[in-house]
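Peer 1: Model the structure of this input:
(4 chains)
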Protein chains: 2
Amino acid sequence: MARGRKARNTALLEPNRREELLRAAARLFVAKGFDATTTRDIADAVGMRSGSPFYHFRSKQDLLKAAMADGLETGYRRLLAASDGIDDAERRLRVLIRTHLSNLLEGDCQTPMLLYESRSLDATARAEIAAITDRYQKPWQATLDELAAAGKLKSSAPPVRLLLFGMLNWSVQWYRADGSLSLDQLSDCALAMLLAPSQATQA
Amino acid sequence: MARGRKARNTALLEPNRREELLRAAARLFVAKGFDATTTRDIADAVGMRSGSPFYHFRSKQDLLKAAMADGLETGYRRLLAASDGIDDAERRLRVLIRTHLSNLLEGDCQTPMLLYESRSLDATARAEIAAITDRYQKPWQATLDELAAAGKLKSSAPPVRLLLFGMLNWSVQWYRADGSLSLDQLSDCALAMLLAPSQATQA
DNA sequence: TATAAGCAAGCAAGCGCTTGGTTAATTATT
DNA sequence: AATAATTAACCAAGCGCTTGCTTGCTTATA
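Peer 2: Alright, predicted model coming up:
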């Protein structure tokens, strides 16, 4: 007896089912965690049967890796596009922060938080992802170095960058878009914590 | 045929198997995540058979809740013990930071990071844990308020505290005890990011 | 006719948890 | 003091379910 299916699948007219899978998987992995998300959840989210995602991806772990790489890639491009051509290091840092917060908290996949699921990857996949995140951090370190050279920052040693990322990334744990704090305000607040000395120093 | 067991279990002479279970569970939950940790893993870690932990705890989730509550409790006591009686707010903040980092990175359970597994709790358990973490944050907010009142901090609005916690908590992701950075140095670095203005202001 | 995309069905392994019994220590009773 | 009853702490076995993934087939497009 036919299970009541709707109309007919538009199938190939909706061409990029693979990317739909990626986005749905990313969303679910962030929301419930990798282990708590079943491949059936993912299939359901895009209207497939439980085994079908394995036509597009070799394994569940492969799906995680692809979702990470994909999300980080677009986040990286947004970061470059937003910060490119800004000469003033202080203004550029603000844009980096604002764009990173947007990567984290806007859109519907919170890609950077997928990194928290890295432990579910095997060693080689983890190394691939690590390479991408390293690249993501390069513009940050360069800007911090510039600010330190200009005396607007006491130090640009690695821990400073790592603490900065911590500040921003942790916001996923508490920030709510429907609260009273805007992302612009949060960006300013974070920037002030880093650069507050500049005002006093230059006075 | 008897599986080769060793000697005889000292049983009741080793009295606190429940706490052994708690500590082992906490360690495993932090290392592999709640979902990726099986109750068999936990039983193995303390030399029990797979069903025996359920004599001490009603469910796996119950184990998580107890491990969280237990770990946060001792962390909170350490925090109070270390900071109590320090009148100077700046010095007290440094002690809070240093002790929190120790809670996070020293010892073998990294309790505060268990909070990341809160999503595996049901609503009522999560509320219980939230109450404990709220209490944990009280001394911080009070100290930040003091510093703001003394002009050593631009603002002590809630986001400042949350960003500070982000800075510190995220260190679990990258700090390695065998690296070149000591926890004292890290504490100073974090404190400097918060209070750097004070030096310039007072100059 | 060939291929891309998916479904229907299900397998083997692993999961949280239960059940019924066993043993050593403790307490109560004679 | 000796014996019986009770309890705390586990083990051995396994149940029912879910999991990631596979296989063989169907359908729509090229």
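
Peer 1: Can you list the low-confidence ranges for chain A?
Peer 2: Across chain A, residues meeting the criterion (pLDDT under 70) sit at A:1-15, A:196-203.

Peer 1: and the residue of chain A found nearest DNA strand D, which of the three is it?
Peer 2: Using Cβ to the nearest atom of the strand, the closest approach of chain A to DNA strand D is made by residue A:51 at 2.3 Å. From N, CA and C alone the C-beta is placed, and that goes for glycine too. Going by DSSP: H, G, I helix; E, B strand; the rest coil, the secondary structure assigned to residue A:51 is coil.

Peer 1: What separation do you get for it and residue A:40?
Peer 2: 9 Å (Cβ to Cβ, to the nearest Å).

Peer 1: Mind checking which of these two has more residues around it?
Peer 2: residue A:40 (13 against 10; other Cβ atoms under 10 Å in any protein chain shown).

Peer 1: was I right about the more buried one contacting residue A:48?
Peer 2: No. With contact defined as Cβ atoms under 8 Å, residue A:40 does not reach residue A:48; the gap is 9.5 Å.

Peer 1: what comes up buried for stretch A:114-128?
Peer 2: A:114-118, A:120-121, A:125 (16 or more other Cβ atoms under 10 Å in any protein chain shown).

Peer 1: hang on, the earlier thing: tell me the spacing between the residue of chain A closest to DNA strand D and DNA strand C.
Peer 2: 3 Å (Cβ to the nearest atom of the strand, to the nearest Å).

Peer 1: And for that residue, nearest residue in space, chain neighbours not counted?
Peer 2: Using Cβ to Cβ, 6 or more residues apart in numbering or on different chains and skipping the chain neighbours, the partner closest in space to residue A:51 is residue A:43 (7.7 Å).

Peer 1: what about the strand or helix carrying residue A:77, near DNA strand D?
Peer 2: With elements taken from DSSP states H and E, the one containing residue A:77 is helix A:60-83. Yes. Using Cβ under 7 Å from any atom of the strand, helix A:60-83 reaches DNA strand D at A:60-61.

Peer 1: for that helix, packing partners?
Peer 2: Helices and strands touching helix A:60-83, by 3 or more Cβ pairs under 8 Å, 6 or more residues apart in numbering or on different chains; DSSP states H and E, are helix A:17-32, helix A:39-45, helix A:89-105, helix A:111-114, helix A:123-149.

Peer 1: Would you mind listing the outside residues contacting that helix?
Peer 2: The contact list for helix A:60-83 (Cβ atoms under 8 Å, 6 or more residues apart in numbering or on different chains) reads A:21-22, A:25-26, A:29, A:34, A:39, A:42, A:53, A:57, A:92, A:95-96, A:98-100, A:102-103, A:109, A:111-112, A:114-115, A:117-118, A:120-122, A:125, A:128-129, A:132-133, A:135-136, A:139, A:143.

Peer 1: which ones among those residues come in contact with DNA strand C?
Peer 2: Applying Cβ under 7 Å from any atom of the strand to the contacts of helix A:60-83, none is adjacent to DNA strand C.

Peer 1: Any of the residues you listed buried? List them.
Peer 2: A:21-22, A:25-26, A:29, A:34, A:39, A:42, A:53, A:57, A:92, A:95-96, A:98-100, A:102-103, A:109, A:111-112, A:114-115, A:117-118, A:120-121, A:125, A:129, A:132, A:136, A:139, A:143.

Peer 1: among these, which are in reach of DNA strand D?
Peer 2: Within those, those near DNA strand D by Cβ under 7 Å from any atom of the strand are residue A:39.

Peer 1: which of the buried ones among the contacts of helix A:60-83 come close to chain B?
Peer 2: Among those, the residues lying close to chain B (Cβ under 8 Å from any Cβ of the partner chain) are A:34, A:120.

Peer 1: one step back: wait, which of the helices and strands packed on helix A:60-83 is closest to residue B:180?
Peer 2: helix A:123-149 (17.6 Å; Cβ to Cβ).

Peer 1: which other helices and strands contact that closest one?
Peer 2: Applying 3+ Cβ pairs under 8 Å, 6+ apart, we find helix A:123-149 packed against helix A:60-83, helix A:89-105, helix A:158-169.

Peer 1: Next, the angle helix A:89-105 makes with that helix.
Peer 2: On the basis of axes from the mean of the first three to the mean of the last three Cα atoms, to 10 degrees, helix A:123-149 is oriented at 150 degrees to helix A:89-105.

Peer 1: mind checking the SS state of the nearest residue in space to residue A:120 that is not next to it in sequence?
Peer 2: Nearest residue to residue A:120 in three dimensions, chain neighbours excluded: residue A:34, at 4.4 Å (Cβ to Cβ, 6+ apart). At residue A:34, secondary structure determined by three-state DSSP is coil.

Peer 1: For residue A:34, which residues are in contact?
Peer 2: By Cβ under 8 Å, 6+ apart, the neighbours of residue A:34 are A:64, A:117, A:120, B:35.
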